[in-house]
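In: the following block contains a protein sequence and its predicted model.
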Amino acid sequence: MKLLEEIKEPSYQSEPDFISGRTDEIKTYDFDCSSCGVVLKIDFQRQIKYNWNGESDKISKVEVTKLKTHYGIGLSEKAHDGGFPVFDKVTCKGCGHQYVTYCGVREYSNSAFTISVLGIQKIN
Ligand SMILES: [Zn+2]
């Protein structure tokens, strides 16, 4: 996996992109494929589902380690928003390019989450 292009960079002051109980109607974070313009989606429920181990079923441990180094996530295992870092992968249906996504997921009360989309990288 090579990191080709930074689509979204982490920031510390961003508001969460999803908040349980407040923005439940928002199911995905959408961004455009930088090659073909097709709209790609980060599924929020997937990020919640995988928040217990920090990586989805589409991404390998080696890739996660590389991404943690890239984003400066140390032994504290804290994402830039203070939550748990969760990594996932999205493939463009238009052209086949792949993207890795980095979200911060916080369980702020029992089974209630905030999600901040912190990073999106085009890879090959
Ligand atoms: Zn594309």
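Out: Cool, got the structure. Numbers count the residues shown, from 1 in each chain.

In: return the residues in contact with the residue nearest to Y12 when sequence neighbours are not counted.
Out: Spatial nearest neighbour of Y12, chain neighbours left out: H80 (5.9 Å); criterion: Cβ to Cβ, 6 or more residues apart in numbering. Where C-beta positions appear, they are placed from N, C-alpha and C, glycine not excepted. Residues counted as contacts of H80 (Cβ atoms under 8 Å, 6 or more residues apart in numbering) are 10-12, 71, 104, 116, 118.

In: go with 7 Å
Out: Counting by Cβ atoms under 7 Å, 6 or more residues apart in numbering, H80 touches 10, 12, 104, 118.

In: make CSV from those residues and add pLDDT to it.
Out: CSV is the format used below for these (pLDDT from 0 to 100):
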residue, pLDDT
P10, 91
Y12, 75
G104, 95
L118, 96
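
In: this protein: helices as residue ranges?
Out: 44-49, 61-71 (DSSP state H).

In: how far is stretch 26-46 from where the chain is centred?
Out: Remark: stretch 26-46 is offset 11 Å from the chain centroid, using Cα atoms, centre = their mean, to the nearest Å.

In: who's in contact with it?
Out: Against stretch 26-46 from outside (Cβ under 7 Å, 6+ apart): 5, 7, 17-18, 56, 88, 90, 92-95, 97, 99, 101, 103, 115, 117, 120, 122.

In: can you narrow these to ones near the ion?
Out: Under the cut-off given by Cβ under 5 Å from the ion, the ion has 92, 94-95, 97 from the contacts of stretch 26-46 close to it.

In: how close does E9 sit to the ion?
Out: The gap separating E9 from the ion is 20 Å, by Cβ to the ion, to the nearest Å.

In: next up, the contacts around that residue.
Out: G119.

In: which strand residues bridge T28?
Out: Using DSSP bridges, the bridge partners assigned to T28 are D43.
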